[in-house]
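Chemist: fold the following for me, if possible:
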Amino acid sequence: MSNSLARKSLYQAAIDAFWKGRSLAPRDENFALELGYTYDVLERFPEAEWMFAEARALDPRSTTARQCYEAHLDRWRQTGAGAPRPE
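Modeler: Numbering: from 1, shown residues only. Reported below is the predicted structural model:
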């Protein structure tokens, strides 16, 4: 979508939907991962960091959560906004 305001609005709607899903299934790491990714797209990196931490806490052995977190750190670093160092 070329209209950045419309695109942002759609991602915000997705955040609202994922939060509703998360309230129904708070132990499902997928909602936290999707929220993290969506926050990343909007360059809301601290919120994404929080969601990826939640996903990793829900399943510390999840390779998907680890890979998503590493991709998040890469996206954050690419913006030059000073991402935290990986663990």
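Chemist: now do the helices in this protein.
Modeler: Applying DSSP state H to the chain gives helices spanning 4-24, 29-41, 45-58, 63-78.
Chemist: shaky segments in this protein?
Modeler: Applying pLDDT under 70 to the chain flags the ranges 1, 81-87.
Chemist: give me the most central residue, it.
Modeler: Gly36 (0.7 Å; CA atoms, centre = their mean).
Chemist: hang on, the earlier thing: please identify the most buried of the helices of the chain.
Modeler: helix 29-41 (a mean of 22; mean count of other CB atoms under 10 Å). From N, CA and C alone the C-beta is placed, and that goes for glycine too.
Chemist: that helix vs helix 63-78, what angle?
Modeler: 10 degrees (axes from the mean of the first three to the mean of the last three CA atoms, to 10 degrees).
Chemist: what's helix 29-41 packed up against?
Modeler: Here helix 29-41 touches helix 4-24, helix 45-58, helix 63-78, going by 3 or more CB pairs under 8 Å, 6 or more residues apart in numbering; DSSP states H and E.
Chemist: residues contacting the longest one, please?
Modeler: This means helix 4-24. Met1, Asp28, Phe31, Ala32, Glu34, Leu35, Thr38, Tyr39, Val41, Leu42 (CB atoms under 8 Å, 6 or more residues apart in numbering).
Chemist: go with 7 Å
Modeler: Met1, Phe31, Ala32, Glu34, Leu35, Thr38, Val41, Leu42 (CB atoms under 7 Å, 6 or more residues apart in numbering).
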